[in-house]
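Colleague: What follows is a predicted structure for the sequence shown.
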Amino acid sequence: MFDPHISTLLSGTLFRKIMNNEQLNLLEFNFLTGVLINNNVPFETAFAAGTRKNPASIQLTIHINPSASLVLVTSLEPGSSVFSPSP
């Protein structure tokens, strides 16, 4: 069953920022996870430390329903974000 809160959240400013490959700062990411928690939306996060080759990044996986997830990867340093729907 699709939660109507998810479509409202996905149309928000921070999600549009991620979709437009804009960098999020840590404060914005924390706000985003707070919104997900307050709306009881299941999600997971993973942090990858930066190296000389790759920038530090955070992966956010939002579980839409038991068979669909949305994966968002955002860089914490200048660069781009990645949006990837996942089955």
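Modeller: Done, it's in. Numbers count the residues shown, from 1 in each chain.

Colleague: Which parts of this protein are helices?
Modeller: Assignment of helices within the chain using DSSP state H yields the ranges 4-10, 13-19, 26-38.

Colleague: Least confident of those, on average?
Modeller: Of all the helices of the chain, helix 4-10 carries the lowest average pLDDT, namely a mean of 65.

Colleague: what's the distance between Ile37 and Ala68?
Modeller: Taking CB to CB, to the nearest Å as the measure, Ile37 falls 20 Å from Ala68. Every residue, glycine included, has its C-beta placed from N, CA and C.

Colleague: Hmm, I typed the wrong one, I wanted Val35.
Modeller: Distance, Val35 to Ala68, by CB to CB: 20 Å.

Colleague: Looking at these two now, which is surrounded by more residues?
Modeller: Val35 (16 against 12; other CB atoms under 10 Å).

Colleague: list the buried ones in stretch 61-78?
Modeller: When neighbours are counted by 16 or more other CB atoms under 10 Å, the buried residues of stretch 61-78 are found to be Thr61, Ile62, His63, Ile64, Ser69, Leu70, Leu72, Val73, Thr74, Ser75, Leu76.

Colleague: Give me the mean pLDDT for it.
Modeller: For stretch 61-78, mean pLDDT rounds to 82.

Colleague: For it, list the C-alpha coordinates in CSV.
Modeller: As requested, the backbone C-alpha atoms of stretch 61-78 are provided in CSV (Å, rounded to 0.1, in the frame of the first residue of the first chain):
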residue,chain,number,x,y,z
THR,A,61,17.2,4.4,1.1
ILE,A,62,13.4,5.1,1.5
HIS,A,63,11.2,2.0,1.6
ILE,A,64,8.0,2.8,-0.4
ASN,A,65,6.4,-0.6,0.1
PRO,A,66,7.7,-4.1,0.6
SER,A,67,8.8,-4.5,-3.0
ALA,A,68,10.0,-0.9,-3.9
SER,A,69,12.6,1.4,-2.5
LEU,A,70,14.0,4.8,-3.5
VAL,A,71,17.8,5.2,-3.1
LEU,A,72,19.3,8.7,-2.9
VAL,A,73,23.0,9.3,-2.7
THR,A,74,24.2,12.8,-1.9
SER,A,75,27.8,14.1,-1.7
LEU,A,76,28.9,16.0,1.4
GLU,A,77,31.5,17.7,-0.8
PRO,A,78,31.3,19.5,-4.1
